[in-house]
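Asker: Okay, here's the prediction I keep looking at, along with the sequence it came from:
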Amino acid sequence: MSAFTLSQAGVGLLGSLAQSAPAAIAAMRLVPAASRMFASSSDRSRSTPTRSPELFASTFGDIDATDYSDAARPVQNFLGLGSVHMPQALNTEEPCTVTIAGGGNSAHVAAAVLGSNPSFQVRMWSTLDGEAARLNHAIKSSGGLIRCSYSDGKPPTSGRVAFATADPAEALEDTDMLLLTAPSYTHAQFLRHAAPHLPREGLYIGATVAQAGFDWMVHRALRDADVPLPEALTIFAFEILPWICRLDEFGKSVRVLGTKRALDMAVEPRVYGPAVADMMTALFAEPVCRKYPGGLRRMSHHAYPKFAAVPSFMGLSLMNVGAVWHPCLMYGRFKDWDKSTPFQEHLRLSKQIEPATSQLLNSVSVEILAIRAALEDRDPTMDLTNVSHIFDWILRAYPGDMADTSGLARAIETNAAWRTLRHPMIQRDGGWFPDNASAYFSEDIPCGLVPIRGLAQLLDVPTPHIDEVLTWCQDMMGKEYLVDGQLVGRDVRETRAPQAYGVTCVRSLRSVVSAPVAQTAGGYSGI
């Protein structure tokens, strides 16, 4: 069955948007070629399957295997680094240096957790005007510590930060890991600033949120810098932020409202995926405090989040849950808004999910699964088993946090980790208005939903529900991505879509990491 036929059959079998997520999954199982698309997280293997060397070379399997005669060359070719050696694994017993890029909520949590290890030196790097100086002043006034508290009642974690700086040379001197916590649309600029100052022996470069096409962006940014790169370089990224977190006091304290139990991550070179996932679990995972009847609280026996490596960054790009949750929830709440009447309160994100919104989440998720099916149809050896329905994801990420899992809407509404979350809104003129400059728009659209839509276009997979959400979002943002149903708008070049790199067909997707700089996405603003 062709990719186009499969996607049509899958969407057609849904009949209408009135079906629940489980019903949609059951319907899709009627399509023989799609029956394996909906394995639950508990059923699917979390390990990378054994593959022949040529399959490590490319996202797609339509290459000449004679070009890749041994296991090392494919990784060398893909990374362009001349080495497949993994840098020395970081652990809490050995001295190491971590540079955290960014100064927001997640940067504070990462600094507190990593800085709580006595053998770690943690630095914070910000290029926002004056932010590094503000961070330094706040950190020094609190004794060099950032404190992380937890809404579940767990004792707080305090981590020592050596310094904050705006100077990349100072931030990156002899560092072992560069951890990008800043908004995804700033990642390329951070890496361009960083490239001349990267240590030459070994380095980890990672992001707390991958968004789509993170690997493409890293390879291009480093290659465009035209400087010698580390002898051993490992790239990694988490599928989504491990914590729901909010600043209490800038440079001093942050609060974790919820921690995801299980989280996927991608790693290049892929052969090191399981080892790096275990390393990240050891560095970041902490027990959680569970509440029992009668008000009794006890610490869990296991630490969270538990990271698992997926076979490729392509799987992480498609399983970009933020690009599904956030735009769909915003659209569901505000699509009928007249753009002028203020709301009288700051609306909760997960309160009273309308049936139409739940159905939209389901339909967008099914369209992404159709993209997965089209990729697998083109290359049956491709492993995208981590790409699952959004309902399956929430059950995996928040087990025990939801009081009612009878359906997608109830799972969202009763998720304790989301209880205090609110839609991004700004207060002015005596009321509240949707914030069209928030990360739900500025990150999740150009770095999330648009790249997914770009893959669909390359594969001829129809995405009417993604288009519906994207059309509303681009109007809210004052951007132009979709024009007459095609991803050809003037602002596509600012995104991580394959089309922003000059890619117009599936076979040319491999050229993303080696195309001239003139073809790359060029719309990133200064950071």
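Answerer: That came in fine, so what should we check first?

Asker: pLDDT below threshold where in the stretch 151-300 of the chain?
Answerer: 288, 290-300 (pLDDT under 70).

Asker: For the helix ranked longest in the chain, buried residues please.
Answerer: The longest helix of the chain (DSSP state H) is helix 355-378. By neighbour count on 16 or more other Cβ atoms under 10 Å, the buried set for helix 355-378 is 357-378. (Each C-beta comes from the backbone N, C-alpha and C, glycine too.)

Asker: Please list all residues in contact with F433.
Answerer: P342, F343, M425, I426, Q427 (Cβ atoms under 8 Å, 6 or more residues apart in numbering).

Asker: The first one: neighbour count?
Answerer: Residue crowding around P342 was assessed by other Cβ atoms under 10 Å; the count is 14.

Asker: same deal with E345?
Answerer: That count, for E345 with other Cβ under 10 Å as the rule, works out to 10.

Asker: start the count at 20, not 1, going forward
Answerer: Shifting the count to begin at 20 puts that one at E364.

Asker: Isn't it up against W451?
Answerer: Yes. E364 is in contact with W451 according to Cβ atoms under 8 Å; the separation is 6.4 Å.

Asker: got the angle between the helix or strand just after the longest helix of the chain and helix 374-397?
Answerer: Sequence order places helix 409-416 as the next helix or strand after helix 374-397, per DSSP states H and E. Here helix 409-416 runs at an angle of 90 degrees relative to helix 374-397 (axes from the mean of the first three to the mean of the last three Cα atoms, to 10 degrees).

Asker: How is the protein divided into domains?
Answerer: 22-67+340-538, 115-305+313-328 (automatic domain parsing).

Asker: what about the protein, any weak spots by pLDDT?
Answerer: 20-104, 307, 309-321, 529-546.

Asker: on that earlier part again, which of the contacts of F452 tops the neighbour count?
Answerer: Of these, with other Cβ under 10 Å as the count, M444 tops at 19 neighbours.

Asker: correct me, but that one touches R367?
Answerer: No. Applying Cβ under 8 Å, one finds M444 not in contact with R367, separated by 10.7 Å.

Asker: tell me which residues of stretch 110-128 are tucked away?
Answerer: 115-128.

Asker: Kindly format the C-alpha coordinates of that stretch as PDB.
Answerer: Output of stretch 110-128 as PDB, limited to C-alpha atoms (Å, rounded to 0.1, in the frame of the first residue of the first chain):
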ATOM      1  CA  ASN A 110      29.200  10.700  36.300                       C
ATOM      2  CA  THR A 111      28.700  12.200  39.700                       C
ATOM      3  CA  GLU A 112      32.000  10.800  41.100                       C
ATOM      4  CA  GLU A 113      34.400  12.400  38.600                       C
ATOM      5  CA  PRO A 114      35.100  16.200  38.100                       C
ATOM      6  CA  CYS A 115      33.400  17.600  35.100                       C
ATOM      7  CA  THR A 116      32.200  21.000  33.700                       C
ATOM      8  CA  VAL A 117      28.700  21.700  32.300                       C
ATOM      9  CA  THR A 118      27.800  24.800  30.500                       C
ATOM     10  CA  ILE A 119      24.100  25.700  30.600                       C
ATOM     11  CA  ALA A 120      23.000  27.900  27.700                       C
ATOM     12  CA  GLY A 121      20.000  30.000  28.700                       C
ATOM     13  CA  GLY A 122      18.700  31.700  31.800                       C
ATOM     14  CA  GLY A 123      15.000  30.600  32.000                       C
ATOM     15  CA  ASN A 124      13.000  28.100  34.000                       C
ATOM     16  CA  SER A 125      14.600  24.900  32.800                       C
ATOM     17  CA  ALA A 126      18.100  26.500  33.000                       C
ATOM     18  CA  HIS A 127      17.500  27.100  36.700                       C
ATOM     19  CA  VAL A 128      16.400  23.500  37.300                       C
END
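
Asker: now it, how far from the chain's geometric center?
Answerer: 18 Å (Cα atoms, centre = their mean, to the nearest Å).

Asker: can you tell me how far A519 sits from Q476?
Answerer: Using Cβ to Cβ, to the nearest Å, A519 is found at 12 Å from Q476.

Asker: Please say which of these two ends up with more neighbours.
Answerer: A519 (26 against 21).

Asker: The more buried one is in contact with R512, isn't it?
Answerer: Yes. A519 is within contact range of R512, at 5.2 Å (criterion: Cβ under 8 Å).

Asker: before we move on, back to that, any idea which of the buried residues of stretch 110-128 is the one closest to A181?
Answerer: T116 (8.4 Å; Cβ to Cβ).

Asker: so the closest one, which of the three states?
Answerer: strand (DSSP: H, G, I helix; E, B strand; the rest coil).

Asker: Does the longest helix of the chain pack against any helices or strands, and if so which?
Answerer: With contacts defined as 3 or more Cβ pairs under 8 Å, 6 or more residues apart in numbering; DSSP states H and E, helix 374-397 has these neighbours: helix 22-33, helix 40-47, helix 332-337, helix 340-353, helix 409-416, helix 427-432, helix 469-478, helix 483-496.
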